[in-house]
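Novice: Predicted structure and sequence below. I'll ask about it afterward.
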Amino acid sequence: MAIKICHDAINPWQELQDYQNHALNPDVQFGATGIFIGTMRDMNDNAAVQRMTLEHYPGMTENQLAKIINDARERWAFLDALIVHRVGDVIPNDTIVLVAVWATHRGDACDACRFIVEALKSTAPFWKKEVLSTGQTRWVERNTDGYRKS
Amino acid sequence: MSITVRYFASLGERLGRSESTVDFIREMTVNDVWRLDTAEMSMPANILAAVNMEYAHPDDRVHNGDEVAFFPPVTGGQSVGD
């Protein structure tokens, strides 16, 4: 299991390859990898967004992300998990978050990955402050339910 | 006895500070810390609290040396509406 908080741009494909090649136990025989990559958009809540700052609570962030992975372990059988989350100044098209779960079977990999993403969005101490194209700034005060059909 | 209090995101901006220290002599709860340090009667319903970096309830007791944090709802991951 690994949790990384990055102040610089994340290359999610490189992170995945590095983790799978170097950190994953070579004896682990995984049959499925569930992956989620969240990317910053240039629109939010009907406004054009120029950039944003991601604030977090160092220490609690890592604790909470580890707790989320451990909670997932109690519900699904998976072999390993990786969370990489960006903080600091972010621009549209930057990767904000990468979640990857390696499991023997696809059901566990996909379901555990989805659970980790949703739990992260509702309990990990990150906050977004957006700068709109008008120059106005605003805090994002809520997250929507990821299971809602749009 | 003394505890460290931290405020994050829009709450820190509203209060005009991100950290302070509260000294106390009697037993206190998380909500007591809020009242003492912000001069507001009770924690707003949308404000979350943590003690020593774990989520806490307003009625939880605090102890000497604890770090108590208050913050608005969290918004990690990608954007709203995704």
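Specialist: Everything's here; your move.
Novice: so where's the longest helix in the chain?
Specialist: All of this refers to chain A. Longest helix in chain A, counting residues (DSSP state H): helix A:106-123.
Novice: wrong chain, I was asking about chain B
Specialist: The longest helix of chain B (DSSP H) is helix B:30-38.
Novice: Can you mark which positions in that one are buried?
Specialist: Using 16 or more other Cβ atoms under 10 Å in any protein chain shown as the burial criterion, the residues of helix B:30-38 that qualify are B:30-34, B:37-38. Bear in mind the C-beta positions are built from the backbone N, C-alpha and C, glycine included.
Novice: which one of those sits closest to chain A?
Specialist: Of all the buried residues of helix B:30-38, B:V30 has the smallest distance to chain A: 14.7 Å, by Cβ to the nearest Cβ.
Novice: following the lowest-mean-pLDDT helix or strand in chain A, which helix or strand shows up next?
Specialist: Lowest mean confidence among the helices and strands of chain A (mean pLDDT, DSSP states H and E): strand A:43-44, at a mean of 88. Moving toward the C-terminus from strand A:43-44, the next helix or strand (DSSP states H and E) is strand A:47-56.
Novice: downstream neighbour of that next one in the secondary structure list?
Specialist: Following strand A:47-56 in sequence, per DSSP H and E, is helix A:60-75.
Novice: any bit of that next one sitting next to chain B?
Specialist: Yes. Legend: contact between helix A:60-75 and chain B by Cβ under 8 Å from any Cβ of the partner chain is shown at A:60, A:63.
Novice: hang on, the earlier thing: okay, the buried residues of helix B:30-38 in a markdown table with pLDDT and distance to chain A next?
Specialist: Converted to a markdown table, the buried residues of helix B:30-38 look like this (pLDDT from 0 to 100; distance: Cβ to the nearest Cβ, whole Å):
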| residue | pLDDT | distance to chain A |
| --- | --- | --- |
| B:V30 | 97 | 15 |
| B:N31 | 96 | 19 |
| B:D32 | 95 | 21 |
| B:V33 | 96 | 16 |
| B:W34 | 97 | 17 |
| B:D37 | 96 | 17 |
| B:T38 | 96 | 18 |
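Novice: And the residue most central in space within chain B, how far from chain A?
Specialist: What sits nearest the mean C-alpha location of chain B, by Cα atoms, centre = their mean, is B:F70, with 2.5 Å. Using Cβ to the nearest Cβ, to the nearest Å, we find B:F70 at a distance of 11 Å from chain A.
Novice: show me where pLDDT drops low in chain B?
Specialist: In the predicted model of chain B, residues B:77-82 satisfy pLDDT under 70.
Novice: Go again with 80.
Specialist: Segments of chain B classed as low confidence (criterion: pLDDT under 80) are B:76-82.
Novice: any chance you could map the strands in it?
Specialist: Here chain B has its strands, by DSSP state E, at B:2-7, B:19-23, B:28-29, B:48-51, B:54-56, B:61-62, B:67-71.
Novice: and A:W76, which of those is closest to it?
Specialist: Closest to A:W76 of these is strand B:54-56 (Cβ to Cβ; 22.7 Å).
Novice: What residues of that closest one count as buried?
Specialist: Residues B:A56 are the ones in strand B:54-56 that count as buried (16+ other Cβ under 10 Å).
Novice: That strand vs chain A: in contact?
Specialist: Yes. Strand B:54-56 is in contact with chain A by Cβ under 8 Å from any Cβ, via B:54-55.
Novice: circling back: highest average neighbour count across the strands of chain B?
Specialist: Greatest average neighbour count among the strands of chain B goes to strand B:67-71 (a mean of 22), per mean count of other Cβ atoms under 10 Å in any protein chain shown.
Novice: returning to that earlier point: strands paired with the least confident helix or strand of chain A, and their directions?
Specialist: Next to strand A:43-44 in the sheet, as set by DSSP bridges, lie strand A:47-56 (antiparallel).
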